[in-house]
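Enquirer: just coords:
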Ligand SMILES: Nc1ncnc2c1ncn2[C@@H]1O[C@H](COP(=O)(O)OP(=O)(O)OP(=O)(O)O)[C@@H](O)[C@H]1O
C-alpha cells in the first residue's frame, strides 16, 4: 500500500469500483514528491495518462458514489455513501467523515490494464521501464561518464609520454594521477550503482510484466483460446528473453554508439589523419552487424515458432502419458519429436552459423583496426606528424570504439533477434479477445433473478463451422432441466454458452432480462455456477480446492458438506484433513472424487443458476444420490438447475428435458412426457438404466422420444 494518501485512496477506490490497477502502477509516482494537496490528483492523472477526473461540483447524490474526496486535515479518502445527513462512510473499515462545504469530490476513470486493445508487447515492457525513470537517468549518467573516462585515461597517457617523461615533471604526474584515480572511483561508483539499480528494477519490471501476461493469458475468452496449451505457455515464457535483453548490460552498446562519432572527432584532433582508420572500420562493423541482423531475423522467427511447438509437444507427452503408454504410442511421439527437433535445427542453423562466423569476423576486424592504428600511427609519429603520446592516446580511444561496441554487437544482435521473435509471439497473444471486466463497463445488477432466455443463437469454435444453433430457449426460475443428447450433440457447448464462458457468434442469451454479454464478469461468475465435464483441480490444499474464488468458508461447513456428499472419506482417513495436498490437475484423486470436490465447491458458492455438465458421470449410485440431494438442498427455491447427462434414471428428478442432436435443440418437454415416449419406444426394461443399453441406443431412443 502506498504511503501517500492519494495513492492509497486511488488503490481503495479501484477496489471499490472493481477496477484493476497494474501492479507497481505507482512506481514512478512514489519517487515524485506528490504531497497531500489537491493538486496531487492532477499530477497523478497526467503522469498516468488518465482522463481528467470528473469533479462533482455540489453535494454528491447517493447514486454517484464511490468518490474520491479531499479533506483539508486527513488528505485523500474514498467516500462510499451517505450514512447520515452530513456524514459519509469511508472505504476504510467502518471509518466515517463529517461532510463540510470545503470537501471536493472526484470520480476517476481508471483504464483497465488488461483491456487496452492497442497495446503491443514492446509497449508493455517499455512503459514498465519508463515508469522507472531514475534507472534511465543513472544508466545514462554512467554511460556518459564511462565514455568521458576513456577520454581522461587516454589524455592522461598522452600527457605522461609527451610531458612527464621527457621533462621528469613529477608534480604534473602526481596531479594527473590523482585526477585520473578520482575519475576512476567516480566511474566505479556510477557503474556499480547502475548495475545494482538495473538488477533491482529488472526484478520489479519482471514482476510487473510477467503478472500482466499471466493475467492476460488467463483473461483470454475460453472459446477464442488457442488449442495448444504447451505452445501458448512457451509463447508467454518468451518474455524471459525480452527481459534478459532489456536488463543486459550489452544494451548500453546502443547508448555508446553516438560516442563512437565523438571519439572519432577526438582522434582527428589528436592524431589528424589517424582518424581515417575508425572512419573506415566503424561503418564496416555496422554494415556487417546489419547483415547479421537480417540473417538472424529470418531464422529466429521460425526457430521460435518450432521451439514453442517443441514445448507444446513436451507438455502433451507428459499430460497424455497414460494414453500414449497404453496405446503403444511411444514411437509415434518420438517420431513427431524428432521431426520437430529437425525443424528447430533447420531454422536455427543459419542463425548459429551466421553468429559464429560474425564473431570471428568481428574479432579479426578489431585486431586489424588495432594493427592499422599502430602501423599508420607509427608512420605518422616517425614523420613527426603526431607525438608518441598522441599515438598512445589514439590507440586507447580506438580500443574503446572497438572493444565494447564492436565486440558486443554480434551477441547483442543475436539476443535481440530472438527477443524480437518473442515480442511477436506475445503480440499474437495480445490479439486474442479477453473477457469483459467490470472496468470495461459491464452491468452489475445486485442479483440476477428471472428466467434464462436464448434467442437465435449460433456458435462456432474459433474459425470453425457452426456447431450449435438454438432458435429459442426459455428456462423459468425454480426449474430443473435435464439436457440430453448423444455424443457431440452440443450439450457442453450449450451449458458453457449459458454460463457466459463462451460468447455466441449470433443471437442473445439473457438472464433475468440482462444480456449475458453485457454482464460484468465477476457478477456472472457469482450468479452462475458452472461445473465442467472434465473439471481439473489446481495444485493446493483440499481447503483451497473447495473454496477457490469464494470468501471465507468455515472448516465446519466444509466438513459438513463433504460428509453430506460423501467426500469426507477422502480426507478424514488422512492425518492432514483439509490440508491434504491436491496435486496438479487433481492427480492423486479419482475421477469421482474430483467431481465431488467440484460439487462441494459449487454448494459453498451457492449461485442462483447451476449449470452442471455430467457431474455424476464418475459417481456410483449411492454417491450420486447423496450429491444430488445436497445440491437440491443448497439451491434456492427460485434457482435454476440445468444438468447435462446420459443417465435416464437421473432425468426423473427433473421438470423438463432439452433434447439435443447435432448442435440443435430438437425437443423441450416435461420429463413425464419424454420418459413415457422413451418407454413406449424402447420398452420399460431397456430404458430403465444406462447400463441396460449402449450409449448410441439410448441416444437414438431419446431422439425418437423427443420427435414423436
Ligand atoms: N474446443 C473445441 N473446438 C472445436 N470443436 C469443439 C470443441 N469442443 C467441442 N467441439 C465440437 O462441438 C460439438 C459439440 O460438442 P459438445 O462437447 O458440446 O458435445 P456434448 O453433447 O457435450 O458431447 P458429450 O456427450 O460427448 O460430452 C462437437 O461436434 C465437437 O466436435
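Expert: The structure has been received and is ready for your questions. Note that the coordinates shown come from a computational prediction; the quantities given were computed from them, not determined experimentally.
Enquirer: and the lengthiest helix in the chain, what other elements does it pack with?
Expert: Criterion DSSP state H: the longest helix present in the chain is helix 330-382. Applying 3 or more CB pairs under 8 Å, 6 or more residues apart in numbering; DSSP states H and E, we find helix 330-382 packed against helix 276-319, helix 321-326, helix 388-400, helix 408-431. C-beta: built from backbone N, CA, C; applies to glycine.
Enquirer: Quick one: mean pLDDT over that helix.
Expert: Helix 330-382 shows a mean pLDDT of 86.
Enquirer: and this protein, what are its domains?
Expert: Domains of the chain are assigned by automatic domain parsing as 5-107, 121-431, 452-707.
Enquirer: and the helix or strand harbouring residue 270, which residues are buried?
Expert: Assigned by DSSP states H and E, residue 270 belongs to helix 252-271. Of the residues in helix 252-271, those with enough neighbours to count as buried (16 or more other CB atoms under 10 Å) are 252-253, 256, 259-260, 263-264, 266-268, 270-271.
Enquirer: So which of those residues is the closest to residue 605?
Expert: residue 252 (52.8 Å; CB to CB).
Enquirer: And the pLDDT for that closest one?
Expert: 67.
Enquirer: what's the burial count for whichever residue of the stretch 101-250 of the chain sits closest to the ligand?
Expert: Ranking the residues of the stretch 101-250 of the chain by distance to the ligand (CB to the nearest ligand atom) places residue 227 first, at 7.0 Å. For residue 227, the count of nearby residues is 9 (other CB atoms under 10 Å).
Enquirer: Closest one of the buried residues of helix 252-271 to residue 317?
Expert: residue 253 (40.4 Å).
Enquirer: Pick the one among the buried residues of helix 252-271 closest to residue 394.
Expert: Among the buried residues of helix 252-271, and counting by CB to CB, the member closest to residue 394 is residue 271, at 4.2 Å.
Enquirer: In this structure the closest one contacts residue 386, no?
Expert: Yes: if you go by CB atoms under 8 Å, residue 271 and residue 386 touch, sitting 5.0 Å apart.
Enquirer: residues shared between the contacts of those two?
Expert: Common contact partners of residue 271 and residue 386 (CB atoms under 8 Å, 6 or more residues apart in numbering): 377, 380, 394.
Enquirer: Farthest from the middle of this protein: give me that residue.
Expert: Distance from the C-alpha centroid of the chain peaks at residue 167, with 67.6 Å (CA atoms, centre = their mean).
Enquirer: got a list of what that one touches?
Expert: Counted by CB under 8 Å, 6+ apart, residue 167 has zero contacts.
Enquirer: repeat for residue 418
Expert: Applying CB under 8 Å, 6+ apart, the residues contacting residue 418 are 241, 300, 303-304.
Enquirer: which ones are touching the residue positioned nearest the centre of the chain?
Expert: Computing the C-alpha centroid of the chain and ranking residues by CA atoms, centre = their mean puts residue 213 first, at 1.8 Å. By CB under 8 Å, 6+ apart, residue 213 lies in contact with 124, 236, 239, 426, 429.
Enquirer: continuing past the one helix or strand it maps to, what's the next helix or strand?
Expert: Applying DSSP H and E as the criterion places residue 213 in helix 170-219. Scanning forward in sequence from helix 170-219 by DSSP H and E, the next helix or strand is helix 229-237.
Enquirer: by how many degrees do that following helix and helix 276-319 diverge?
Expert: On the basis of axes from the mean of the first three to the mean of the last three CA atoms, to 10 degrees, helix 229-237 is oriented at 150 degrees to helix 276-319.
Enquirer: close to the ligand, is helix 229-237?
Expert: No: counting by CB under 6 Å from any ligand atom, the ligand has no neighbours in helix 229-237; the shortest distance is 11.9 Å.
Enquirer: Do me a favour and get the backbone dihedrals for residue 663.
Expert: Per-residue torsions, residue 663: phi 80, psi 10 (degrees, to the nearest 10).
Enquirer: In contact with it, which residues are there?
Expert: Neighbour list for residue 663: 466-469, 489-490, 493 [criterion: CB under 8 Å, 6+ apart].
Enquirer: Next step: the residues you listed restricted to strands.
Expert: Among the contacts of residue 663, the members found in strands (DSSP state E) are 466-469.
Enquirer: Next, the distance between the ends of stretch 228-246.
Expert: Stretch 228-246 has an end-to-end distance of 28 Å (criterion: CA to CA, to the nearest Å).
Enquirer: Which positions within that stretch qualify as buried?
Expert: For stretch 228-246, burial by neighbour count (16+ other CB under 10 Å) applies to 228, 230-236, 238-239, 241-243, 245-246.
Enquirer: swap in stretch 644-655?
Expert: For stretch 644-655, the neighbour count (16+ other CB under 10 Å) marks 644-648, 650-651, 654 as buried.
Enquirer: before we move on, what about stretch 366-382?
Expert: 366, 369-370, 372-374, 376-377, 380-381.
Enquirer: Just the closest of these to the ligand, please.
Expert: residue 366 (55.6 Å).
Enquirer: residue contacts, the closest one?
Expert: Taking CB under 8 Å, 6+ apart as the test, what residue 366 contacts is 402-403, 406-407.
Enquirer: before we move on, what about residue 504?
Expert: With CB under 8 Å, 6+ apart, residue 504 has these contacts: 457-459, 497.
Enquirer: Show the model's pLDDT score for it.
Expert: 89.
Enquirer: State the distance from it to residue 460.
Expert: Here residue 504 is placed at a distance of 9 Å from residue 460 (CB to CB, to the nearest Å).
Enquirer: looking at this, residue 482 is in a strand?
Expert: Yes: Residue 482 forms part of a strand when assessed by DSSP: H, G, I helix; E, B strand; the rest coil.
Enquirer: tell me the contacts of it?
Expert: So residue 482 contacts 642-645, 650-651, 654, 656-658, 671 (CB under 8 Å, 6+ apart).
Enquirer: and the gap between the residue of the stretch 501-650 of the chain found nearest the ligand and residue 643?
Expert: As assessed by CB to the nearest ligand atom, the ligand sits closest to residue 533 within the stretch 501-650 of the chain, at 5.6 Å. From residue 533 across to residue 643, the span is 11 Å (CB to CB).
Enquirer: shared neighbours of these two, anything?
Expert: 613-614.
Enquirer: more neighbours, those two?
Expert: Neighbour count, other CB under 10 Å: between residue 533 and residue 643, residue 643 has more, with 26 against 16.
Enquirer: and the nearest residue to residue 190 once chain neighbours are set aside, how many neighbours does it have?
Expert: Distances taken as CB to CB, 6 or more residues apart in numbering put residue 142 closest to residue 190, at 4.1 Å, once the chain neighbours are dropped. Using other CB under 10 Å, the number of residues around residue 142 comes to 23.
Enquirer: for residue 165, same thing?
Expert: Residue 165 is flanked by 13 other residues according to other CB under 10 Å.
Enquirer: Report the secondary structure element holding residue 78.
Expert: Here residue 78 sits within strand 75-84, counting by DSSP H and E.
Enquirer: Please work out which residues outside that strand touch it.
Expert: 5-6, 8-10, 12-13, 16, 36, 40-41, 60, 62, 65-71, 88-92, 96-97, 105.
Enquirer: filter those to the buried ones?
Expert: Buried, going by 16+ other CB under 10 Å: 5-6, 8-10, 12-13, 16, 40-41, 60, 65-71, 88-91, 97, 105, out of the contacts of strand 75-84.
Enquirer: Dihedrals phi and psi, residue 90?
Expert: phi -110, psi 160.
Enquirer: Go ahead and name everything in contact with stretch 323-334.
Expert: Contacts for stretch 323-334 (CB under 8 Å, 6+ apart): 313, 317.
Enquirer: roughly how far is it from the heart of the chain?
Expert: Remark: stretch 323-334 is offset 33 Å from the chain centroid, using CA atoms, centre = their mean, to the nearest Å.
Enquirer: and that stretch, how far apart are its ends?
Expert: 15 Å.
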